[in-house]
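Undergrad: no sequence for this one, just the structure:
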């Protein structure tokens, strides 16, 4: 009985309300955010209004929805242009106006590109994205058709929808922090996880953070699409088939033809479901505030670390996409060449770019067996195989012609070096260092000159435990 009481007292130490108080911005922080946003928006209205009649400026994202986390410095301002005024020339007309807005703020401008080009700047300590978009607000709040539009133009509608439907913004903060803690937050190329908007829709659908946790841990099953499929709309999209390649489906209530969860990869989905199951069984603050990754004790020989440097003017999304592509190419080639099942993990943090490749075998024999046609094949096929390998010993094995050939690559690092010379994108080619084997990797890992975030990346990748178990 005493043990049960002590256990209950220990369980009561964890509190979602305590977590929420830690992650909710203080009133002073909220005032600073709104003061900075108000000034940027006023400047944008003044300048854009002089250039194009009917332009509107809107604050979007987590700040106006009241779902921002404490300490998050990102603020999104949309400058909405009437389609009838700019037509297909949005970029040519809008970008000079956006630059003039930033110049008036007296802050540096960094050009970026998503579906539309936009400019990032820092004002009063906050990171602002000033984004030009089409104003698609039609009658009765519906989206107007625009042949030049793109998904980013829906963002203002997302903000309006969430502000109307969300009753408990604190529950979204808990879900966002949970996703950050387990490493699945962000719909960008580097994370391929849960966007802030998806977190908001999940809370709207299931009512609370714990509602989402219970649903993901128990109710999310493979359905007719062999995916977890959630929808907030009674009107399904006209063509559900278009989403068959997506790992998770959540129909956008603002635009039924769009899947809000299209960015979520299978790894993030499985991690999220697993974390929800574990949290429901044993909640702890480690899901929200994970400890530092464990120090690597043993580094397998079949691990290769590739370090890159980047060129200026290239966004993290582009770099991450390129690293991921190179990693997939290396995985396939290693497996085809006999090095066993291989996986790759990419990392982008400021100037530090890395790729970890884990393969099944460290070395292969100098000779490899190539299979030819079966002995029952037509004579011309058998003769063609013998002619192709004339001068070599051809034998039979399990009813097929076979021949022993010298292997081009006997170690994975030699193959990877060759592939990097051919496939490394130009944005990463300025420098490339390959570290292979436990000894060289251990020296790099233990060096005081190695950046801590790269060490943490190695630790996370090689750890056999989940982040909330560290």
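TA: Here it is on my side, so go on. Here the structure is a predicted model, which means the values were calculated and not measured. Residues are numbered from 1 along each chain as shown.
Undergrad: okay, which residue of the chain is out on the far edge from center?
TA: Distance from the centre of the chain peaks at residue 379, with 53.2 Å (C-alpha atoms, centre = their mean).
Undergrad: can you give me the helices for the stretch 251-400 of the chain?
TA: Remark: helices assigned in the stretch 251-400 of the chain by DSSP state H, counting those that start in this stretch are 266-281, 316-336, 379-388.
Undergrad: any chance of those in a markdown table, plus mean pLDDT?
TA: What follows is these, written out as a markdown table (pLDDT from 0 to 100):
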| stretch | mean pLDDT |
| --- | --- |
| helix 266-281 | 94 |
| helix 316-336 | 89 |
| helix 379-388 | 93 |
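Undergrad: Now render these as TSV, adding distance to residue 241.
TA: (C-beta placed from N, C-alpha, C; glycine too.) Shown next, in TSV, are those (distance: least, C-beta to C-beta, whole Å):
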stretch	distance to residue 241
helix 266-281	19
helix 316-336	25
helix 379-388	40
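Undergrad: who wins for proximity to residue 366 among those?
TA: Shortest distance between residue 366 and the helices of the stretch 251-400 of the chain, using C-beta to C-beta, is found for helix 316-336: 17.5 Å.
Undergrad: Summarise which helices and strands that closest one is packed against.
TA: strand 343-349, strand 352-358, helix 412-423 (3 or more C-beta pairs under 8 Å, 6 or more residues apart in numbering; DSSP states H and E).
Undergrad: next one: it to chain centre, how far?
TA: When distances are taken as C-alpha atoms, centre = their mean, to the nearest Å, helix 316-336 is centred 14 Å away from the chain's centroid.
Undergrad: What residues of it count as buried?
TA: Buried residues in helix 316-336, counting neighbours by 16 or more other C-beta atoms under 10 Å, are found at 316, 318-324, 326-327, 330-331, 333-334.
Undergrad: Please tell me how far the residue nearest to residue 404 when sequence neighbours are not counted sits from residue 95.
TA: Leaving aside its sequence neighbours, residue 404 sits nearest to residue 367 (C-beta to C-beta, 6 or more residues apart in numbering; 4.9 Å). Taking C-beta to C-beta, to the nearest Å as the measure, residue 367 falls 60 Å from residue 95.
Undergrad: So which of those two has more stuff around it?
TA: The neighbour count for residue 367 versus residue 95, taken as other C-beta atoms under 10 Å, is higher for residue 95 (16 against 10).
Undergrad: That one against residue 130, yeah?
TA: No: Residue 95 lies out of contact with residue 130 (C-beta atoms under 8 Å); the separation is 10.2 Å.
Undergrad: between these two, what contacts are shared?
TA: Common neighbours of residue 95 and residue 130, using C-beta atoms under 8 Å, 6 or more residues apart in numbering, are residue 119.
Undergrad: Please, where are all the strands along the protein?
TA: 56-60, 74-81, 110-113, 117-123, 126-134, 229-231, 249-251, 303-308, 343-349, 352-358, 367-374, 394-397, 400-406, 432-436 (DSSP state E).
Undergrad: So for the last one, what gets flagged as buried?
TA: What it means is strand 432-436. Under the neighbour-count criterion of 16+ other C-beta under 10 Å, strand 432-436 has 432, 434-436 buried.
Undergrad: from the residues you listed, which single one is nearest residue 118?
TA: residue 432 (31.0 Å).
Undergrad: In contact with that closest one, which residues are there?
TA: Residues in contact with residue 432 (C-beta under 8 Å, 6+ apart) are 306-308, 420, 424.
Undergrad: rerun at 10 Å
TA: Residue 432 makes contact with 306-309, 353, 355, 417, 420-421, 424 under the criterion C-beta atoms under 10 Å, 6 or more residues apart in numbering.
Undergrad: Tell me how the chain divides into domains.
TA: Domain segmentation of the chain under automatic domain parsing yields 22-151, 166-287, 303-363+409-469, 367-406.
Undergrad: got the contact list for the residue nearest the centre of the chain?
TA: For the chain, the residue sitting closest to the mean C-alpha position, by C-alpha atoms, centre = their mean, is residue 191 at 2.0 Å. Contact analysis of residue 191 by C-beta under 10 Å, 6+ apart lists 179-180, 183-185, 263-265, 268, 320.
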